[in-house]
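Asks: I'll drop the sequence and a predicted model, then ask my questions.
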Amino acid sequence: MIFVIISIIALIGCIIWTLKLIDEKKFLQRQYNKLLSQKKSSEILLGHTAEKLAPLTKAFDNYNIRDTTFIGMPIDYICFGEDEITFLEVKSGNSQLTTKQKKIKKLVQDKKIKWDTVRISGDSR
C-alpha cells in the first residue's frame with residue numbers, strides 16, 4: 001500500500017515538474033518571439049534610415065542628387081538622367097530584393113515599360 005502511495009506521489013511530482021517545464025518553455029518562446037520582433041523592427045528602421053541617407057554616401061556618386069526623386073515603395077528612388085531613367089533600390093547589410101521588387105526589375109530588364117498621361121477635366125463623376 002505504501003508503495004502505491006509513493007508511486008502516486010512520484011507521478012504527481014513528475015506531472016507538476018512537466019507542467020512547469022511546459023510553462024517555462026512557453027515563457028521562453030514568448031521572450032524569444034519578442035526579441036526577434038524587436039530585432040526585425042530595428043533592422044527595418046535601420047533600412048529606412050539608410051534609404052534616406054543614401055544620397056549623402058559615395059554609393060550615390062554615379063547619380064545627380066538633383067535629378068533623383070525618393071519614391072519609397074516599392075522602389076526607393078527614380079533618377080532622371082540626360083540619357084536614361086534609372087530605378088534605384090537601396091539595400092543595407094544582407095537584405096535582398098522583395099518578390100515585388102524582383103518582378104519590377106524583370107519588367108524593366110524586359111523593357112516592358114510604357115508612358116501614359118492621365119488628363120483630369122472639370123467634370124466630376
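Replies: It's in.
Asks: which intervals of this structure have sub-threshold pLDDT?
Replies: By pLDDT under 70, the low-scoring segments of the chain are 123-125.
Asks: In space, not sequence, find me the middle residue of it.
Replies: residue 44 (5.8 Å; C-alpha atoms, centre = their mean).
Asks: From residue 112, how far off is that residue?
Replies: 30 Å (C-beta to C-beta, to the nearest Å). C-betas here are computed from N, CA, C, even on glycine.
Asks: next one: residue 70
Replies: Using C-beta to C-beta, residue 70 is found at 24 Å from residue 112.
Asks: who has more neighbours, those two?
Replies: It is residue 70, of residue 70 and residue 112, that has more neighbours when counted by other C-beta atoms under 10 Å, with 14 against 8.
Asks: beta partners of that one?
Replies: Beta bridges link residue 70 to residue 77 when assigned by DSSP bridges.
Asks: Please give me every residue in contact with it.
Replies: 51-52, 76-77 (C-beta atoms under 8 Å, 6 or more residues apart in numbering).
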